[in-house]
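Student: Any chance you could fold what I've pasted below:
(2 chains)
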Amino acid sequence: MDVFGSFALLLAFVCAMYAFLGGIAAIRTRNPLLIKSTRQAGLATCGLIFLATFSLEYLFFSDNFASAYVVAHSNRSLSSFYKVAALWSGQEGSLLFWSFLLAIYVFSVLIAYRHKNGELMPYVGVVLAGIQIFFLTLNNFVASPFKALGVPGIHGAMDLVARGDGNGLNPLLQYPEMVIHPPNLYAGYTGFSIPFAFALGALLARYPGEKWIHLTRKWTMIAWGFQTAGILLGAHWAYAVLGWGGYWAWDPVENASLLPWLTGTAFLHSVMMQEKRGMMKVWNVWLVFSTFLLCILGTFLTRSGVVSSVHAFANSNIGSWFVGFIAVILLVCLAAYFKNRDYLKSENQLDSIVSRESSFLFNNLILLVSCVAVLSGTLFPVFSEWFTGDRISVGTPFFNKVNIPIGLLLLFLTGVGPLLAWRKTSLDSLKRNFGWPLLFGLVAGVIAFPLGMHGFYSLICLILCVFVTSTILMEFYRGAKVIRARSGASFLASAVELTMRNTRRYGGYIVHMGMVLIFIGIAGTAFNRDVQKEMQIGSTMQIGPYSLLLQNFDNKVEKNYTAERMIIEVSRNNKPVMMLYPERRIFPANQASGTMVAIYSTLKQDLYVVYAGQSPDTQSPVIHVYLNPLVKCIWFGGVVVLLGTLVALLPNRRAVLVFAAVQEPAGAKSFAGTLTPAPTLREGHD
Amino acid sequence: MTKRPILFATILLAAATTLPLVVSPVAAQQQNDRARQIGGKFMCMCTCNQVLTQCNHVGCTTSTAMLKEVDQGLARGDSEDTITQAFVQEFGTKVYAEPPHSGFSLVAWSMPAVYLAIGLALVLFVISRWRKRPVHVAANSAGRSGISPELLERARAQAARETQD
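Tutor: Numbers count the residues shown, from 1 in each chain, chains lettered A, B, ... in the order given. Next up is the predicted model:
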């Protein structure tokens, strides 16, 4: 099966080369047969990548320990669930997985537009084939996952061998979220290839901006949704597994995932300027280019070892390939831009600074500043080493200090932007839209201050969260009120109807609401508390309203690991509320150990209990307990963001006019069989 | 007359001996908080790339030793600067959790403000240009690219619908 997979990858490379070179020839000659054959070569590339990926999974499931990759990342006792995840747990497999996800997108695009956009699609196909060629080069010639296990033979040649069992999967990855977090994140990274291909293709083909923007909007939202889910799942994994009580440590790999998310978010906003007013065409094209470049840069950071990270793959020389690819993309983008920049001229002018257009500009500015600040902070250790010879670390405190004010500015714009009118916003409109929300925000601040919320940023965050929530709720209220007055439906049904009539706008509001919840959760960090204590059986420790009693500890033997488990009773006001079992797991296959945190989560706060190991002096178990307020808001906010994204992806439901019978007033003369045609609003779908 | 100084001395002595019983838990707590505050300014040097007080390695000997060093320094009455210098001498500048506010590290601190200033200037420049500019007739690329004006108009209408106020 390893030979089969290897051969499939090689054939995929050949097909991708044909799709690329044949595609260029097809664009030049406009030969319909050549266009068709290159499209089919693109489809064949995807099919062959699917086969290669499935054959690697087959090697895992059949415990084929003649394969070097399977030996390095699996063992016989690994559950089937994690054998799926083992595919992307190493450098070679994760690159194949990248090709696999990219192939799904490419396949979908080639099928979805096979009879549409005939002028643009050959260009898109060429760009996508170019990206596939790069990853297939890595899969075939640089980091093949199908290498057989070998040992140096007596004549200097390698002898093929097979092992009885493998080294097992990294314990940190043996957690359910690790089965879904990387696919989501990679689906985000690879998904941004589609808007990139359309943007570059449209620029090369001088295709109308509105059209390519319209075609790629949903693809961008899908990629953005996956990226958001991937980031949040990663944060939850870090929270539940790593055991340091937090969810975001500004690690270079975390930052790498945030960078394209920030530019992607900026694009999803600024794209409306082009759709609505024909403005910001250059900006949008470069935002899409930058987003894709940042995806590749993030992959480079994760895989090259240029910055140190707990999440990074082993150091390798693969980084130079990514640098080369980034340079090629940049050159192609610059060349395409300078050749066809006249096609990107804006069509409208700005009427007023207080307008939706300006708010988008400022929103983009803040998102881009945040992106560049995170990028320069991530790379600063490398720069400092180049310039001074000393490597200066840039950790959490720096990123928090820089990004908290930026985040708050963004939160402010989240409330302000959607309520400003296009072209110009009058003073009356400002008062009408912002008067009450501003008052609600200030009242919340006045109430919260005496209750103990004295931190400047926490207080501002609360005020802004209430302000933004009020603006969003008022938008729903106003719209639903009109529908309710017309249809007589309940308020909730009217709000749902309102949302379904303009899914993009109200889906966007739901996303904003989710972001508010995430900000509330982050603001809770200012009130985190923790206690660490050596404990004996029967001893207790106190944190906030909770009392923790160490009842006992035992050893648990599972198929793939053994665990030292603490049995802790949690009480509140002397009433037992929960039993918690924090663990320390030992994986015999690779002698690695890891923590398994126990969390008692309520809407208000999380009681987060870590068994930190035995004290080296007394051999007593050391328990570290954190009390983290409002963490649940972050996960719930993430769900709301994804829900909003799904709503925004739905087509609009249109209100249609239909003729319906009108009830004759009592006493009026009626004519049997005669209906008065009167337009009544009834709902219908597209 | 002689009894009064003795009584005074006894009270003073009693106060001096019992005061630590009252004050020392508070002082210990303060020292603990101070140690955590100072520990939060360093990276753990066990290669976990995390802040010293957040190192999550099970039984990490590096973070335990480093935190002990902070505790001992505070118990000796060392200032934060002295403790910091000792760490920098031992591990180099990579021990800082955030770049120090001096020398080349100032670049890291000033860059976000510089980005914001440049971005703001750019946005204001763009706004002023957009306000002065006459309406540009749509680049008639539709015909050249094979997209019919009807199709273009339909795309525009759909975009307008989806972004309506």
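Student: Low-confidence stretches in chain B?
Tutor: Within chain B, the segments meeting pLDDT under 70 span B:1-31, B:56-59, B:133-153, B:155-165.
Student: Do a quick rundown of the helices in it.
Tutor: B:3-39, B:61-76, B:80-91, B:106-132, B:141-145, B:149-162 (DSSP state H).
Student: can you tell me the residue of the stretch 1-150 of chain A closest to chain B?
Tutor: A:Glu119 (4.3 Å; CB to the nearest CB). C-betas here are computed from N, CA, C, even on glycine.
Student: Give me the distance between A:Gly324 and chain B.
Tutor: Note on A:Gly324: its distance to chain B, by CB to the nearest CB, to the nearest Å, is 27 Å.
Student: can I assume that residue sits in a helix?
Tutor: Yes. Counting by DSSP: H, G, I helix; E, B strand; the rest coil, A:Gly324 is found in a helix.
Student: Checking my notes, A:Ile599 in a strand, right?
Tutor: Yes. Per three-state DSSP, A:Ile599 lies within a strand segment.
Student: Can you get me a residue count around the nearest residue to A:Leu420 once chain neighbours are set aside?
Tutor: Of all residues not flanking A:Leu420 in the chain, A:Arg356 sits nearest, at 4.7 Å (CB to CB, 6 or more residues apart in numbering or on different chains). Number of residues near A:Arg356 (other CB atoms under 10 Å in any protein chain shown) recorded here: 24.
Student: List the residues that contact A:Arg356.
Tutor: A:Gly417, A:Leu420, A:Ala421, A:Trp422, A:Arg423, A:Thr425 (CB atoms under 8 Å, 6 or more residues apart in numbering or on different chains).
Student: So which of the residues you listed wins on neighbours?
Tutor: A:Leu420 (23 neighbours).
Student: residues in contact with it?
Tutor: Contacts of A:Leu420 by CB under 8 Å, 6+ apart are A:Val354, A:Ser355, A:Arg356, A:Ser358, A:Ser359.
Student: Against A:Pro450, how distant is the spatially closest residue to A:Asn573 that is not a sequence neighbour?
Tutor: The spatial neighbour of A:Asn573 that comes closest, neighbours along the chain excluded (CB to CB, 6+ apart), is A:Pro545 at 7.1 Å. As judged by CB to CB, to the nearest Å, A:Pro545 and A:Pro450 stand 21 Å apart.
Student: Which one of the contacts of A:Leu420 is nearest to chain B?
Tutor: Scanning the contacts of A:Leu420 for proximity to chain B, where the rule is CB to the nearest CB, the winner is A:Ser358, at 6.4 Å.
Student: Correct me if wrong: the closest one contacts B:Ile127.
Tutor: Yes. Proximity of A:Ser358 to B:Ile127 meets the contact threshold set by CB atoms under 8 Å, at 6.4 Å.
Student: Find residues that contact each of the two.
Tutor: Common neighbours of A:Ser358 and B:Ile127 (CB under 8 Å, 6+ apart) are A:Leu350.
Student: quick one, domains of the chain?
Tutor: Reading this off chain A. Structural domains assigned to chain A are A:1-170, A:175-424, A:425-526+A:634-655, A:528-633, following automatic domain parsing.
Student: wrong one, chain B
Tutor: Split by automatic domain parsing, chain B gives B:3-98, B:107-162.
Student: circling back: could I get the domains of chain A in JSON lines, plus columns for mean pLDDT?
Tutor: Below are the domains of chain A laid out as JSON lines (pLDDT from 0 to 100):
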{"stretch": "domain A:1-170", "mean pLDDT": "90"}
{"stretch": "domain A:175-424", "mean pLDDT": "87"}
{"stretch": "domain A:425-526+A:634-655", "mean pLDDT": "90"}
{"stretch": "domain A:528-633", "mean pLDDT": "89"}
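Student: can you list these in TSV and add distance to B:Thr62?
Tutor: Shown next, in TSV, are those (distance: least, CB to CB, whole Å):
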stretch	distance to B:Thr62
domain A:1-170	21
domain A:175-424	14
domain A:425-526+A:634-655	25
domain A:528-633	13
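Student: and B:Val107, which of these is closest to it?
Tutor: domain A:175-424 (7.8 Å; CB to CB).
Student: and the closest one, how far out from the chain's middle?
Tutor: Chain-centre distance of domain A:175-424: 11 Å, with CA atoms, centre = their mean, to the nearest Å.
Student: and stretch B:93-108, which residues are buried?
Tutor: B:Thr93, B:Lys94, B:Val95, B:Tyr96, B:Ala97, B:Glu98, B:Pro99, B:Pro100, B:Phe104, B:Ser105, B:Val107, B:Ala108 (16 or more other CB atoms under 10 Å in any protein chain shown).
Student: Mind telling me what element the residue most central in space within chain A is part of?
Tutor: With distances taken as CA atoms, centre = their mean, A:Gln227 lies nearest the centre of chain A, 1.8 Å away. For A:Gln227, the host element (DSSP states H and E) is helix A:209-237.
Student: Which strands or helices does the helix or strand immediately after that helix in the chain pack on?
Tutor: Toward the C-terminus, helix A:209-237 is succeeded by helix A:252-277 as the next helix or strand (DSSP H and E). Applying 3 or more CB pairs under 8 Å, 6 or more residues apart in numbering or on different chains; DSSP states H and E, one finds that helix A:252-277 makes contact with helix A:176-191, helix A:209-237, helix A:281-304, helix A:356-388, helix B:149-162.
Student: hmm, try it at 6 Å
Tutor: Here helix A:252-277 touches helix A:209-237, helix A:281-304, helix A:356-388, going by 3 or more CB pairs under 6 Å, 6 or more residues apart in numbering or on different chains; DSSP states H and E.
Student: Dump the shortest one to PDB, restricted to CA.
Tutor: Presented in PDB, the C-alpha positions along helix A:281-304 are these (Å, rounded to 0.1, in the frame of the first residue of the first chain):
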ATOM      1  CA  LYS A 281     -10.500  47.300  -5.300                       C
ATOM      2  CA  VAL A 282      -6.700  47.400  -5.000                       C
ATOM      3  CA  TRP A 283      -7.000  47.000  -1.200                       C
ATOM      4  CA  ASN A 284      -9.200  43.900  -1.600                       C
ATOM      5  CA  VAL A 285      -7.000  42.200  -4.000                       C
ATOM      6  CA  TRP A 286      -4.000  42.800  -1.800                       C
ATOM      7  CA  LEU A 287      -5.900  41.700   1.300                       C
ATOM      8  CA  VAL A 288      -6.600  38.400  -0.400                       C
ATOM      9  CA  PHE A 289      -3.000  38.000  -1.500                       C
ATOM     10  CA  SER A 290      -1.800  38.900   2.000                       C
ATOM     11  CA  THR A 291      -4.100  36.400   3.600                       C
ATOM     12  CA  PHE A 292      -2.900  33.600   1.400                       C
ATOM     13  CA  LEU A 293       0.800  34.700   1.900                       C
ATOM     14  CA  LEU A 294       0.200  34.700   5.700                       C
ATOM     15  CA  CYS A 295      -1.200  31.200   5.500                       C
ATOM     16  CA  ILE A 296       2.000  30.000   3.800                       C
ATOM     17  CA  LEU A 297       4.100  32.100   6.200                       C
ATOM     18  CA  GLY A 298       2.400  30.500   9.200                       C
ATOM     19  CA  THR A 299       3.100  27.100   7.800                       C
ATOM     20  CA  PHE A 300       6.700  28.200   7.300                       C
ATOM     21  CA  LEU A 301       7.000  29.300  11.000                       C
ATOM     22  CA  THR A 302       5.400  26.100  12.200                       C
ATOM     23  CA  ARG A 303       7.700  23.800  10.200                       C
ATOM     24  CA  SER A 304      11.000  25.600   9.800                       C
END
